[in-house]
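**Q** one predicted model, sequence on top.
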Amino acid sequence: MGTPLFDLTGKVAIVTGGNGGIGLGMARGLADAGAAIAVVGRNEQKSVAAVAELKQRGGTAVAIATDVTDSKAVADMVARVKAELGRIDILVNNAGINIRKPPHELDIGEWDSVIATNLTSAFLCSQAVHPAMKEAGGGKIINIGSMMSIFGASFTPAYAASKGGIVQFTRSCACAWAADNIQINAILPGWIDTDLTRRGRSEITGLHERVLARTPAARWGDIDDLSGIAVFLASPASDFITGTAIPVDGGYSIMG
Ligand code: NDP
């Protein structure tokens, strides 16, 4: 028998923003496939609850309080994961925020904070795990883009810039680190029901109905809709796939 394609037993995964929403959905999938999970986020209460949930499912998990916009904190987090879980095989760059304002109303502080959280954090975390992955003989990095990696919207100038940037950053890392047997891919989630989009629905009139009308699957996504793609992109099943951006959107991006 060959190596099981989707088995992550013995692997260690860092999931930024793994304490809720899409990050937790992906952490569940990775844990169920056998990976030990480092749940990284600022809100310790949420992280402790997520770790308890992952353990309840039979997984191994630790919570590491980190602000991923802080390069020193990221370096400390990566050192702790190596010390506590022994290795690093998988990094999911999922932490993200949105500030919904048109370009003429967004101030520079708001712009900087969205770019730092959604884009610069992926650079900091990827660079910080690279030596450990190289040492392990390979690795998998999964970056979270958005429909705003493809489309624009009047209320998301910084968010769309960060999510477009994530796709190009993914391609560059894929070229740079192929020789180290590290595959880097992006996931572009459609409209998923989380705290982030619940706030969006309350701020943008008609958003809920517009999403339903445009999504062929005729529903919002659930966080568990992201579990399978996370396992696929973290496992040997995707070893010849790198630098791509895969929509997980119920068909939103192909609807004419
Ligand atoms: P949530 O608000 O539920 O989750 C965001 C996560 O990011 C939280 O776990 C939060 O943890 C973490 N986070 C935010 N800032 C930081 C920081 N500075 N340091 C560490 N962690 C941070 O939103 P979603 O689950 O919806 O979003 C997750 C990702 O998916 C984001 O990148 C988002 O842009 C993307 N996405 C979401 C879509 C959707 O429809 N929901 C669609 C497309 C993309 P804490 O507060 O503890 O720090």
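**A** Arrived safely.

**Q** residue 91: which element?
**A** Assigned by DSSP states H and E, residue 91 belongs to strand 90-93.

**Q** then that strand to PDB, C-alphas only?
**A** Only the C-alpha atoms of strand 90-93 are listed here, as PDB (Å, rounded to 0.1, in the frame of the first residue of the first chain):
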ATOM      1  CA  ILE A  90       1.900  23.300   7.800                       C
ATOM      2  CA  LEU A  91       1.200  27.100   8.100                       C
ATOM      3  CA  VAL A  92      -2.200  28.500   7.500                       C
ATOM      4  CA  ASN A  93      -2.100  32.300   7.100                       C
END
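
**Q** that one packs against which elements?
**A** For strand 90-93, the elements it packs on are strand 12-16, helix 21-32, helix 121-136, strand 139-144, helix 227-234, judged by 3 or more C-beta pairs under 8 Å, 6 or more residues apart in numbering; DSSP states H and E. (C-beta placed from N, C-alpha, C; glycine too.)

**Q** what would these look like in TSV with distance to the ligand, mean neighbour count and mean pLDDT?
**A** As requested, these are arranged in TSV below (distance: least, C-beta to the nearest ligand atom, whole Å; neighbours: other C-beta atoms under 10 Å; pLDDT from 0 to 100):
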stretch	distance to the ligand	mean neighbour count	mean pLDDT
strand 12-16	6	28	98
helix 21-32	2	26	98
helix 121-136	7	20	98
strand 139-144	4	27	99
helix 227-234	12	23	98
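
**Q** now those in TSV, with distance to residue 113?
**A** Shown next, in TSV, are the helices and strands packed on strand 90-93 (distance: least, C-beta to C-beta, whole Å):
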stretch	distance to residue 113
strand 12-16	16
helix 21-32	18
helix 121-136	11
strand 139-144	17
helix 227-234	26
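
**Q** go through the ones you listed and name the closest to residue 114.
**A** The closest of the helices and strands packed on strand 90-93 to residue 114 is helix 121-136. By C-beta to C-beta, the value is 10.9 Å.

**Q** ok, now which ones touch residue 106?
**A** Residue 106 sits next to 99, 157-158 when contact means C-beta atoms under 8 Å, 6 or more residues apart in numbering.

**Q** then residue 144?
**A** Taking C-beta under 8 Å, 6+ apart, we find residue 144 in contact with 22, 92-94, 96, 166, 186-187, 189.

**Q** what bridges to it?
**A** Here residue 144 sits in beta bridges with residue 187, going by DSSP bridges.

**Q** endpoints of stretch 31-49, how far apart?
**A** Using C-alpha to C-alpha, to the nearest Å, the gap from the first to the last residue of stretch 31-49 comes to 15 Å.

**Q** how distant is that stretch from the center of its chain?
**A** Distance of stretch 31-49 from its chain centroid, counting by C-alpha atoms, centre = their mean, to the nearest Å, is 13 Å.

**Q** contacting residues around residue 11?
**A** Residue 11 is in contact with 34-36, 87, 89-90, 234, counting by C-beta under 8 Å, 6+ apart.

**Q** show me where this structure has helices.
**A** Secondary structure of the chain (DSSP state H): helices at 21-32, 44-56, 71-85, 108-115, 121-136, 157-177, 195-203, 207-214, 227-234.

**Q** can you list the residues that contact the last one?
**A** Helix 227-234 is contacted by residues 6, 8, 11, 13, 25-26, 28-30, 32-33, 35, 89-90, 92, 140, 142, 183, 185, 187, 238, 241, 246, 248 when judged by C-beta under 8 Å, 6+ apart.

**Q** contacts only, for the residue positioned nearest the centre of the chain.
**A** In the chain, the centroid-proximal residue (C-alpha atoms, centre = their mean) is residue 94; its distance is 2.5 Å. Shown in contact with residue 94 (C-beta under 8 Å, 6+ apart): 15-18, 22-23, 26, 142, 144.

**Q** from residue 153, how far out is it?
**A** Computed as C-beta to C-beta, to the nearest Å, the residue 94 to residue 153 distance reads 21 Å.
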